[in-house]
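Novice: Structure here, sequence nowhere to be found:
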C-alpha cells in the first residue's frame with residue numbers, strides 16, 4: 001500500500017519520490033497544503049475504493065498515517 005500511495009503522491013501531486021517515506025509529514029516535509037490534502041483524499045478514494053470521513057482527515061500527519069488508514073479501511 002505504501003508503494004501505491006508513494007506513486008500517487010509523486011505522479012499526481014508532483015512530489016519528489018525520494019522524499020516520500022512512511023515517516024514524512026505531509027505538510028512539514030512534503031509541503032502539502034489543505035487544498036492538496038483534499039485532492040489526495042479524493043485521489044485515494046478513487047484509486048483505492050475507500051470512503052474517507054471528513055473528521056478522519058485531521059489524523060493524516062504522516063504518509064504512514066494515510067497508509068494505515070487505507071489498509072484498515074480497504
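Specialist: Right, received. Where do you want to start? Since we're looking at a predicted model, the values are computed, not measured.
Novice: Can you tell me the SS state at residue 40?
Specialist: Secondary structure state of residue 40, per DSSP: H, G, I helix; E, B strand; the rest coil, is helix.
Novice: In this structure, where is pLDDT below threshold?
Specialist: The model of the chain has no residue with pLDDT under 70.
Novice: all helices of it, in order?
Specialist: 2-12, 34-48, 63-73 (DSSP state H).
Novice: how much space between the residue nearest the centre of the chain and residue 74?
Specialist: In the chain, the centroid-proximal residue (CA atoms, centre = their mean) is residue 66; its distance is 5.0 Å. According to CB to CB, to the nearest Å, residue 66 stands 12 Å off from residue 74. (Glycine included, C-beta is placed from N, CA and C.)
Novice: Residue 54 too?
Specialist: Distance from residue 54 to residue 74, by CB to CB: 19 Å.
Novice: cool, and residue 10?
Specialist: From residue 10 to residue 74 the distance is 20 Å (CB to CB).
Novice: between the two, which one's more packed in?
Specialist: residue 10 (15 against 10; other CB atoms under 10 Å).
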